[in-house]
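Asker: below are the sequence and a predicted model; questions follow.
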Amino acid sequence: MWTQGEKETEGQPITVAKYTGLHSLRHFFASRCINQPQHGGLGLPPKVVQERMGHPSIAMTMDVYGHLFPSTDDSYALATAEQTVLSAANAT
């Protein structure tokens, strides 16, 4: 599928779907299952999406749709906590 904001070779936005027909409906269904409720989706966990899509393994689901699942990267929270601890240590 196309990435949001992707451009053609001439620099124009892509306006034609990469997939058409029933296959595109399958991708639409999967993305709706994955998207968070506040964005109009169902917010289902990967294992449930795997079962609904009929994939033989969770690896297949994550290979195809992993980029759609919310990130669990806690680096911002960890950096904030580190700054708080260091500021408190420097203040004493």
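Answerer: That came through fine. Numbers count the residues shown, from 1 in each chain.

Asker: quick one: contacts for the residue nearest to residue 49 when sequence neighbours are not counted?
Answerer: The shortest distance from residue 49 to any non-neighbouring residue, by C-beta to C-beta, 6 or more residues apart in numbering, is to residue 33 (5.0 Å). No exception for glycine: its C-beta is placed from N, CA and C like everyone else's. Counting by C-beta atoms under 8 Å, 6 or more residues apart in numbering, residue 33 touches 41, 42, 44, 48, 49, 52.

Asker: middle-most residue in the chain, spatially?
Answerer: Centroid check for the chain by C-alpha atoms, centre = their mean gives residue 68 as the closest residue, at 1.9 Å.

Asker: show me the contacts for that residue.
Answerer: 30, 31, 34, 35.

Asker: next one: the third one from residue 45, what distance?
Answerer: Here the distance between residue 34 and residue 45 works out to 9 Å (C-beta to C-beta, to the nearest Å).

Asker: run through the neighbouring helices and strands of the lowest-mean-pLDDT helix or strand in the chain.
Answerer: The weakest-scoring helix or strand in the chain, judged by mean pLDDT, DSSP states H and E, is helix 75-91 (a mean of 82). Applying 3 or more C-beta pairs under 8 Å, 6 or more residues apart in numbering; DSSP states H and E, one finds that helix 75-91 contacts no other helix or strand.
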